[in-house]
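**Student:** here are the coordinates; sequence isn't available:
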């Protein structure tokens, strides 16, 4: 089974991953009507992290995050840390799955038990992963144009139906930069910005041409950020800040307001499609990385782990929180400082500096022995 | 190995979920876990099927090794 994806597949996979659930769930809410500025500014540390992590990967070609941890810390400690990372990525996968289950339950399948939705989606994802990561890349390649087209179509429809009020974005920076900084750190840095650099530490090793993957990754990240900024502007301009803050799925609320020609109304289905596709890819990527961690620890191919772990993710998605409000509170208040920051930034930065130091020491010793 | 991984991930993730829930709801660890499992029959059944599949995978892998 092939595990490599082409650079184009890597490009669209990254954009779709970044949009994932973030494009529909409201992000940057602490910044209120300046959420779009917060997202734009949060991308700057994202670019820096991508550069740093890809530089780390270039120092140890062909190795992924877990193998690099072995170089930095030794096999025993790396195994423990890898298990922690696998738990983290499966936990993230279950979080994203819960977003989807709640959205489907509130928008489309009102009477279907959440468990049925969760298990069904995980069966599809388990099948995709079992066939290999190349299938994930192909799914991204085939369906992403539809996703981008629907986002574009929604923008046109919103414009035509006259719901876009630019004055809802004002006053700009009325409370200064403090709310923006509060929104960026640690919330936006943890979700969705910080997720991209950390997944690159595993995915870049699976591209067909590593040499260009950093550039492609940066372009994809930039493109995804622009779309996220536009989605935030759309939500604020159409709904206003107050409704956006109170809405569980602001983009869905935006789609429900589209109405013109007494014919185009309630285009929720397009948003459900956008979110479903983004979430399938996001869960697939998180699960794949968690499975690669298990592959490293147990020294065996990840395929036998796919189905059992997929069912565990379905279980965790529903037992994680009793209600969606609790799920959102945990996702925005607890996860960023205690999980996202350590696993996405602090630990990888530590690994980065340790590997750089070890490389320099090795070169110094080689030079000293001449 | 697959079954071992299953239990490791299950226990560690439940611990994380319980700890996070404790932080939010301010209840004790076991109470948090107990309330979270209520009414989740379908996914609990699915995870038991996952356990059965992991045992079967382990048996198949050890048979392949012996052959």
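**Tutor:** Alright, I've got the coordinates. Just so we're clear, the structure is a prediction, and the values are computed from it rather than from any experiment.
**Student:** rest of the way, CA atoms for contacts and neighbours
**Tutor:** Fine.
**Student:** Next up, the contacts around residue A:51.
**Tutor:** Counting by Cα atoms under 8 Å, 6 or more residues apart in numbering or on different chains, residue A:51 touches residue A:214.
**Student:** 6 Å instead, please
**Tutor:** Residue A:51 makes no contacts at all, as judged by Cα atoms under 6 Å, 6 or more residues apart in numbering or on different chains.
**Student:** Just the pLDDT for it.
**Tutor:** Per-residue confidence (pLDDT) for residue A:51: 92.
**Student:** Could I get the buried residue list for the stretch of helix or strand it belongs to?
**Tutor:** Per DSSP states H and E, residue A:51 falls inside helix A:35-59. Using 16 or more other Cα atoms under 10 Å in any protein chain shown as the test for burial, helix A:35-59 gives A:35-39, A:41-43, A:46-47, A:49-54, A:56-58.
**Student:** Could you find the closest non-adjacent residue to residue 47?
**Tutor:** Because you didn't say which chain, this covers chain A. In this structure, residue A:47 finds its nearest non-sequential neighbour in residue A:218, 6.7 Å apart by Cα to Cα, 6 or more residues apart in numbering or on different chains.
**Student:** my bad, chain B
**Tutor:** Per Cα to Cα, 6+ apart, closest to residue B:47 is residue A:311, 4.9 Å.
**Student:** ok, how many other residues are close to the one you found?
**Tutor:** If you count neighbours by other Cα atoms under 10 Å in any protein chain shown, residue A:311 ends up with 26.
**Student:** Now do the contacts for it.
**Tutor:** B:46, B:47, B:50.
**Student:** Can you tell me which of these is nearest residue A:135?
**Tutor:** Checking those against residue A:135 by Cα to Cα gives residue B:50 as the nearest, at 22.5 Å.
**Student:** these two touch, right, that closest one and residue A:308?
**Tutor:** Yes: the criterion here is Cα atoms under 6 Å, and residue B:50 meets it with residue A:308 at 4.0 Å.
**Student:** who has more neighbours, these two?
**Tutor:** Shown here are residue B:50 and residue A:308; by other Cα under 10 Å, residue A:308 has more neighbours (25 against 22).
**Student:** so which strand or helix has that one?
**Tutor:** helix A:303-319.
**Student:** now that helix: mean pLDDT?
**Tutor:** Mean predicted lDDT for helix A:303-319 stands at 93.
**Student:** and the next element down the chain from it?
**Tutor:** helix A:324-329.
**Student:** Roughly how far does the residue nearest to residue A:193 when sequence neighbours are not counted sit from chain B?
**Tutor:** Distance criterion Cα to Cα, 6+ apart; nearest residue to residue A:193, sequence neighbours excluded, is residue A:46 at 5.9 Å. Taking Cα to the nearest Cα, to the nearest Å as the measure, residue A:46 falls 26 Å from chain B.
**Student:** in the stretch 201-350 of chain A, which spans are helices?
**Tutor:** Assigned by DSSP state H, counting those that start in this stretch, the helices in the stretch 201-350 of chain A fall at A:210-239, A:241-246, A:250-256, A:268-298, A:303-319, A:324-329, A:335, A:347-368.
**Student:** Sorry, slip of the keys, the one I care about is the stretch 1-150 of chain A.
**Tutor:** Using DSSP H, counting those that start in this stretch, helices in the stretch 1-150 of chain A cover A:7-19, A:35-59, A:65-73, A:75-107, A:114-131, A:133-160.
**Student:** Same question for chain B.
**Tutor:** B:2-25, B:29-37, B:41-66 (DSSP state H).
**Student:** And the longest one, what does it pack against?
**Tutor:** By that I understand helix B:41-66. Here helix B:41-66 touches helix A:303-319, helix B:2-25, going by 3 or more Cα pairs under 6 Å, 6 or more residues apart in numbering or on different chains; DSSP states H and E.
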